[in-house]
Every structure is written in C-alpha cells, then in structure tokens.
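K.L.:
mind looking at a prediction? Sequence and model below.
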Amino acid sequence: MTSASDISAGRLAAGAYDEAFCDLHASLDQHEARVAAERCLFCYDAPCVNACPTGIDIPLFIRQIATGNVQGAGKTILDSNIFGGMCARVCPTETLCEEACVRNDAEGKPVIIGELQRHATDAVMASGRQLYRQGPRTGKRVAVVGAGPAGLSCAHRLATLGYDVVVFDGRPKPGGLNEHGIASYKAPNNFAQAEVEWMLDVGGIDLRCGQMLGRDFTLADLRRDFDAVFLARVWPITRHGRGHRPSIAGALVRVLACYAGAGM
Ligand code: SF4
C-alpha cells in the first residue's frame, strides 16, 4: 500500500502546480474564432445539432461569431444550455457534434464547435453582462433538491419564468458534478463556481447548501412548504445495491421539466 510519505516524496514543487494544471488551451482570440467560424457551411437540418444532447442551434451561433456578434452567439448557446461554458470545456465534442460535422467528409477535420462555443460563452461572462432576469412573479414557490447541473438548470429556467426557487444541496458548495466530479485542470481558475455565481445572478433563486434531504428536511416538509418539487440529486449506488433513499410513496411530488410550459 502506498504510504503518505511516498505521495509526499512524489509531489511537484509548489511553483510547478500552476504550470502543470493551468488551462491546456487558451480560448480562441477574435481573429481565430472568425476564421474557424467561416469554415461552417450552415447546413440545413444540421447533423451537428442532431448530435448535440442539448440541441444548441450550432449553425446560428457560429454564424453570429462569423458576423462579429459574439454576445449574441453566447446567448444562443445559453438559451439552450445555461451550462454552455462548462460544456464547452468538458463535453466530448469529438464524439458528438464534431464527429457529425460534414466538414469531416471533405477535409477530414470538423468545424471546431467546442472551441467556438467556449469563445462565445467566455465573452458573455467576461463582459459582466447578465443576459437573464427573473420573470414577472407568479407567486409560486418551487423546491429543487440538488445544486448540480440538472438542479441549477431547472432553477434558472424557473426563475426566468417568474417562480421563486429554493435550491437545497447537502454539500457545502454548489455545482454538483461540475464542482466535485470533474478534474480541476479541465476547468481551472475556479470556473465551476464562477459559472454558478453568474447563473444565480438571475435573481429569484435562494441557494441553501449544507441542507440534505432525509437528514435536514423531508419530502413531507417540501410538500407542505412549496407548490412543486424537483428532485435533482444523485442517488448513491454501491455494489451492494442502491443506497438509502427516502421513500416517495404517497408523497405528492410534482417533478418539473426545466423547460417552459411545465404544467403548474
Ligand atoms: S455540420 Fe459542421 S458545417 Fe454543418 S452546420 Fe454543423 S458545424 Fe457547420
């Protein structure tokens, strides 16, 4: 078994960490992005969109970059996927949108969709502008359990629709997979937290960390205090079977889709 002293002996010098774990590739600059965007053929019924799990209008945002409307490109992305910045860093684009890109057929290499997405979403965050605000208040309150990508995406969309949302998470920091499950060198400079902070700036979202379902509150509590509940937590699974989960039998839990028109 490896001892603590063995690990200590293999550590990098303090100053080497910044170099070893910094961003592997810097974001495209404006000229690089426009050159890359010009390679897009703006396909009708674009295969890259069909391959994107979040359905981003890829030809549109690439066209917006090509014409100098980088903020508009960022909004096109974020309208479909509010975590577009993190996805631009960690999404396996080479097996999704970029694998489907028709440029592969003629030239053997796709439009660099992931890097263009990062260029656009980074520009939005760097601008300090907030693209979204809480919509006209509905007077309804929704509880979201889990402050990971699913829970926060749901909360953000509900806030823009005018709901007041309380997000509970058992961990001390929000972000879920993005904060706790992704190697830090893939999203350096505390990007996961910066993205969450930008997202929460929409207003109408009350984030309560350190509050765990089954330990600090129950489904019955949520049913009593809220108009609807969205369960977005990960249920622990062990090789001995599924971990403890609170019974939802008999509980009136309305699971909301995070898209407009959720029936409330
Ligand atoms: S498949 Fe490639 S060329 Fe066609 S719209 Fe998508 S990114 Fe552009």
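P.N.:
The structure has been received and is ready for your questions.

K.L.:
closest to the centroid, which residue in the protein?
P.N.:
In the chain, the residue lying closest to the centroid (CA atoms, centre = their mean) is residue 83, at 2.6 Å.

K.L.:
what sits against that residue?
P.N.:
By CB atoms under 8 Å, 6 or more residues apart in numbering, the residues touching residue 83 are 149, 152, 153, 178, 195. C-betas here are computed from N, CA, C, even on glycine.

K.L.:
please redo it, this time with the cut-off set to 6 Å
P.N.:
Going by CB atoms under 6 Å, 6 or more residues apart in numbering, residue 83 touches residue 149.

K.L.:
tell me the confidence at it?
P.N.:
What the model reports for residue 83 is a pLDDT of 97.

K.L.:
for the ligand, see how far away it is.
P.N.:
Going from residue 83 to the ligand by CB to the nearest ligand atom, to the nearest Å gives 20 Å.

K.L.:
before we move on, what about residue 217?
P.N.:
Per CB to the nearest ligand atom, residue 217 is found 45 Å from the ligand.

K.L.:
circling back: and the residue nearest to the centre of the chain, backbone torsions?
P.N.:
The phi/psi pair for residue 83 (degrees, to the nearest 10) reads phi -100, psi 30.

K.L.:
same question, residue 177
P.N.:
Main-chain dihedrals, residue 177, degrees, to the nearest 10: phi -50, psi -40.

K.L.:
next, count neighbours for it.
P.N.:
Using other CB atoms under 10 Å as the criterion, residue 177 is surrounded by 15 other residues.

K.L.:
swap in residue 170?
P.N.:
With other CB under 10 Å as criterion, residue 170 counts 16.

K.L.:
now the end-to-end length of stretch 202-219.
P.N.:
Counting by CA to CA, to the nearest Å, you get 27 Å between the two ends of stretch 202-219.

K.L.:
just the buried positions in it, please.
P.N.:
Under the neighbour-count criterion of 16 or more other CB atoms under 10 Å, stretch 202-219 has 202, 204, 205, 207, 211, 213, 217, 219 buried.

K.L.:
ditto for stretch 109-117
P.N.:
So, applying 16+ other CB under 10 Å, buried residues of stretch 109-117: 110, 111, 112, 113, 114, 115, 116, 117.

K.L.:
cool, stretch 175-189 as well?
P.N.:
The neighbour-count check on stretch 175-189 (16+ other CB under 10 Å) flags 175, 176, 178, 179, 182, 187 as buried.

K.L.:
which one of the residues you listed is nearest the ligand?
P.N.:
Among the buried residues of stretch 175-189, residue 187 lies closest to the ligand (CB to the nearest ligand atom), at 23.7 Å.

K.L.:
torsion angles phi and psi at the closest residue to the closest one other than its chain neighbours?
P.N.:
Leaving aside its sequence neighbours, residue 187 sits nearest to residue 89 (CB to CB, 6 or more residues apart in numbering; 5.2 Å). Phi and psi for residue 89, reported as degrees, to the nearest 10, are phi -90, psi -40.

K.L.:
for residue 89, grab the count of nearby residues.
P.N.:
23.

K.L.:
ok, it to residue 67 distance?
P.N.:
Using CB to CB, to the nearest Å, residue 89 is found at 25 Å from residue 67.

K.L.:
circling back to that earlier point, which two in the buried residues of stretch 175-189 are spaced the farthest apart?
P.N.:
Largest separation among the buried residues of stretch 175-189 by CB to CB: 176 and 187, giving 13.1 Å.
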